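>>> Fold the following.
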Amino acid sequence: MSGLVGAIVAGGAATRFGGAPKGLHCVGGARIVDRVAAALRQTTSDLMVVSNASDATEWLPGVPVHADVRAERGSLIGIHTALTYANGDVLVVAWDMPFVTPALLQMIRDRPRDDALAVFPEGPSGPEPFCALYTRACRPIIEATIDSGDLRLSHLIARLPTRHVIPIDEIARLGNPATLLFNVNSPDDIARAEAIDASL
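The predicted model follows:
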């Protein structure tokens, strides 16, 4: 693949959904995964899906699907898998983020990185690791982090020797950061997402 790769990461068992795949739920009449893919297609040169689901190849016909490279379980494994198969820089977005926009992804993509290994938008809870750009140089650091047994994404951000965080006030120029970086974790969140979508 050439250029920046967009990676849609569909991980976890969605236990709060009773095991139902979160990204296949609809918000505003469109599946969340389709909304994410549409935003990434306007921002990146290639797309991939990272998932271990047996039916993942049916979600976005024509988009390659890659299962986790490592046997460990955790969100960090999906980012590692994306970097492994992209063989370059990746713009990672979780498949349960219905309000990610091309403008937000373009801001992340075009941010001057200098020597930063990754670019994160800042949301209400801090840097968002699942709507972020990771350079290929992150891969050995991520592998070392996984080897250490610490799969917490917040700790990965702290371990990166150089990173760039786009301040929340800059994100707010594009819209409400809490909306742009909203992710669906429960059935109640689907109802909240529908209400947000209706208000946009």
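>>> Spell out the residue ranges of the helices in this protein.
32-41, 75-86, 102-110, 138-147, 153-159, 168-171, 177-180, 187-199 (DSSP state H).
>>> buried stuff in the third one?
The one in question is helix 102-110. For helix 102-110, burial by neighbour count (16 or more other C-beta atoms under 10 Å) applies to 104-109. Backbone N, C-alpha and C define where each C-beta goes, glycine included.
>>> confidence score at the spatially closest residue to R152 that is not a sequence neighbour?
Counting by C-beta to C-beta, 6 or more residues apart in numbering, R152 lies nearest to L76, which is 7.8 Å off, once chain neighbours are set aside. Per-residue pLDDT puts L76 at 91.
>>> What separation is there between L76 and P21?
To P21, L76 is 20 Å away according to C-beta to C-beta, to the nearest Å.
>>> Check the gap between the closest residue to I190 other than its chain neighbours and R152 for me.
Spatially, and ignoring its direct neighbours in sequence, I190 is nearest to H25 (5.6 Å; C-beta to C-beta, 6+ apart). Taking C-beta to C-beta as the measure, H25 falls 27 Å from R152.
>>> between the two, who's got more neighbours?
H25 (20 against 13; other C-beta atoms under 10 Å).
>>> Return the helix or strand in this protein with minimum mean pLDDT.
helix 153-159 (a mean of 88; mean pLDDT, DSSP states H and E).
>>> which residues are contacting it?
Under the criterion C-beta atoms under 8 Å, 6 or more residues apart in numbering, residues 75-76, 79, 118, 120, 126-127, 129-130, 141-142, 145, 163 lie in contact with helix 153-159.
>>> Same question for stretch 47-67.
5-11, 21, 23-24, 33-34, 37, 40-41, 68, 78, 81-82, 84-86, 95.
>>> same thing but 7 Å
5-10, 21, 33, 37, 40-41, 68, 78, 81-82, 85-86 (C-beta atoms under 7 Å, 6 or more residues apart in numbering).
>>> what's the answer for stretch 133-148, then?
Contacts of stretch 133-148 (C-beta under 7 Å, 6+ apart): 70, 72, 76, 79-80, 83-84, 88-92, 108-109, 117-119, 156, 159-160.
>>> before we move on, back to that, any chance of the contacts of helix 153-159 in TSV, plus neighbour count and distance to F99?
Converted to TSV, the contacts of helix 153-159 look like this (neighbours: other C-beta atoms under 10 Å; distance: C-beta to C-beta, whole Å):
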residue	neighbour count	distance to F99
S75	18	19
L76	21	24
I79	26	21
A118	27	22
F120	23	17
G126	12	18
P127	21	18
P129	20	17
F130	20	13
I141	16	29
I142	22	27
T145	21	29
R163	20	24
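>>> ok, of these, which one's closest to L174?
F120 (15.0 Å; C-beta to C-beta).
>>> Contacts only, for the residue lying closest to that closest one once chain neighbours are set aside.
Closest residue to F120 apart from its sequence neighbours, by C-beta to C-beta, 6+ apart: P127 at 3.8 Å. Each residue near P127 by C-beta under 7 Å, 6+ apart is listed here: 120, 157, 165.
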